[in-house]
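Enquirer: Everything below, folded, please.
(chains A, B, C and D)
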There are 2 protein chains.
Amino acid sequence: MQSSHTETIDAFRRLCRQKGIAATHQRHTVYQCVMNSKDHPTPELIYERVREEFPFISLATVYKCLHTFIDVGLLKPASLHHASLRVDPNLHRHHHLVCKICGSMTDVGDDQIVQPRFVGKLPRGFRVEAIAVEVIGTCADCQQQVQ
Amino acid sequence: MQSSHTETIDAFRRLCRQKGIAATHQRHTVYQCVMNSKDHPTPELIYERVREEFPFISLATVYKCLHTFIDVGLLKPASLHHASLRVDPNLHRHHHLVCKICGSMTDVGDDQIVQPRFVGKLPRGFRVEAIAVEVIGTCADCQQQVQ
DNA sequence: CTAGCTGCAAAGTCTTTGCCAGGAA
DNA sequence: TTCCTGGCAAAGACTTTGCAGCTAG
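Expert: Got it, this is the predicted structure:
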């Protein structure tokens, strides 16, 4: 977890100054925790991990830290779809255009996209069942809103 | 909305019998609503739309119908990530292996996948900013659990 | 010193559950 | 008739908010 603590704290300070946010102990711990995660942890999981070395942090603070980091571009949400269930009546193989502003999803036919393919080694032990392509961007409506 | 009502009701009855679920008025209305949606509606939105022609349905019933349809394969969730926020410390272009059982996400380097490409016409008015590939399947751990 | 941050608890979303009455097969 | 389903309201999961006190810069 900690290689050269002083060094990483300084690096984090610099990063925060550069992004215009305060470098607090909580933020540093949350940041370290996420950067050292190989999985794509949920706020709850980060909270549990961080509490091991910072027992008094609150879950609300973890949420606030994560959103701050996302806002300044230090982290990304792993998916655009953590809001609400959405159902898809189209059972055929197809892909989606996803608007990052309004979250709208539009179908793209399977034949309109060249299937992605693995190059070299497939991941060990993982049984591939489908490949979904998400084309992320801004829909026509949202482009007008911003202008 | 309704073309040949008797016909579609019969078709729905057949579908339900085939899937081993009861063909109720509520289920039929929800099913019709979703099948006629071009977007990928949320339960709340479906609820609003369905209430126009079936004012006494409850939101809980909409949820139950949707899950029933998903369980029997009449519908799919539009994404696997509607549970909780997950953050990604990896800011480089990369893709994900997603386990449909446990939801785990593993990184796949951008260079391990041949980028998908559009064939022919790009979607009108949509500004493409990124393309994310999700390789969906079952992870090694979950395969063992099932066996 | 000041602006911005944390912790707490309360409130807000979204979703599920338990239970009984009612409808499908 | 029997089993499944719908409606309601309560509970549950996840997330945000308001505010008072504290901390970084």
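
Enquirer: since we're on the closest residue in space to residue A:128 that isn't next to it in sequence, how many residues are nearby?
Expert: Nearest in space to residue A:128, with sequence neighbours left out and distances taken as C-beta to C-beta, 6 or more residues apart in numbering or on different chains, is residue B:137 at 4.4 Å. Just so you know, the C-beta spots here come from the backbone N, C-alpha and C atoms, and that holds for glycine as well. By other C-beta atoms under 10 Å in any protein chain shown, 19 other residues sit near residue B:137.

Enquirer: In what element of secondary structure is residue B:137 found?
Expert: Under the criterion of DSSP states H and E, residue B:137 resides in strand B:127-138.

Enquirer: May I see the buried residues of the following helix or strand past that strand?
Expert: Under the assignment DSSP H and E, the closest C-terminal helix or strand after strand B:127-138 is helix B:140-146. Neighbour-count burial for helix B:140-146 flags residue B:142 (criterion: 16 or more other C-beta atoms under 10 Å in any protein chain shown).

Enquirer: residues in contact with helix B:140-146?
Expert: A:124, A:125, A:126, A:127, B:99, B:101, B:102, B:104, B:138 (C-beta atoms under 8 Å, 6 or more residues apart in numbering or on different chains).

Enquirer: measure the nearest residue to the second one once chain neighbours are set aside to residue B:104 for me?
Expert: Counting by C-beta to C-beta, 6+ apart, the nearest residue to residue A:125 once its immediate chain neighbours are dropped is residue B:140, at 3.0 Å. Counting by C-beta to C-beta, to the nearest Å, the gap from residue B:140 to residue B:104 is 10 Å.

Enquirer: same deal with residue A:83?
Expert: Residue A:83 is 20 Å from residue B:104, by C-beta to C-beta.

Enquirer: higher neighbour count, the two?
Expert: Remark: of residue A:83 and residue B:104, residue B:104 carries more neighbours, 16 against 13, as counted by other C-beta under 10 Å.

Enquirer: correct me, but the more buried one touches residue A:41?
Expert: No. Contact status for residue B:104 versus residue A:41: not in contact, 10.7 Å apart, counting by C-beta atoms under 8 Å.

Enquirer: contacting residues around the residue located most distally from the centre of chain A?
Expert: Computed with C-alpha atoms, centre = their mean, the residue of chain A farthest from its C-alpha average is residue A:111, at 28.7 Å. Applying C-beta under 8 Å, 6+ apart, we find residue A:111 in contact with residue B:119.

Enquirer: Three-state assignment for it, please.
Expert: Assigned by DSSP: H, G, I helix; E, B strand; the rest coil, the conformation of residue A:111 is helix.

Enquirer: swap in residue A:61?
Expert: Residue A:61 is classified as helix under three-state DSSP.

Enquirer: Now do the strand holding residue B:137: which elements does it pack against?
Expert: strand A:127-138, strand B:94-99 (3 or more C-beta pairs under 8 Å, 6 or more residues apart in numbering or on different chains; DSSP states H and E).

Enquirer: Could you tell me which residues touch both of residue B:140 and residue B:104?
Expert: With C-beta under 8 Å, 6+ apart, residue B:140 and residue B:104 have no common neighbours.

Enquirer: Which stretches in chain A count as helices?
Expert: A:5-19, A:25-35, A:43-53, A:59-72, A:140-146 (DSSP state H).

Enquirer: Mean neighbour count, the ones you listed: which tops it?
Expert: Stretch with highest mean neighbour count among the helices of chain A: helix A:25-35 (a mean of 20; mean count of other C-beta atoms under 10 Å in any protein chain shown).

Enquirer: Give me the contact list for that helix.
Expert: A:1, A:8-9, A:12, A:16, A:21, A:41, A:46, A:49-50, A:53-54, A:57, A:61-62, A:65-66, A:68-69, A:74-75, B:87, B:89.

Enquirer: DNA strand C next: which of these are close?
Expert: For DNA strand C, the contacts drawn from these by C-beta under 7 Å from any atom of the strand are A:21, A:57, A:61, A:65, A:68.

Enquirer: residues from chain A in reach of DNA strand D?
Expert: Counting by C-beta under 7 Å from any atom of the strand, chain A sits next to DNA strand D at A:13, A:16-17, A:22-25, A:42-44, A:59-60, A:63-64, A:67, A:82.

Enquirer: Out of those residues, show me where the pLDDT dips lowest.
Expert: Least confident entry in the residues of chain A next to DNA strand D, by pLDDT: residue A:82, with 93.

Enquirer: Quick check: chain neighbours aside, which residue is closest to it?
Expert: Per C-beta to C-beta, 6+ apart, closest to residue A:82 is residue B:85, 4.9 Å.
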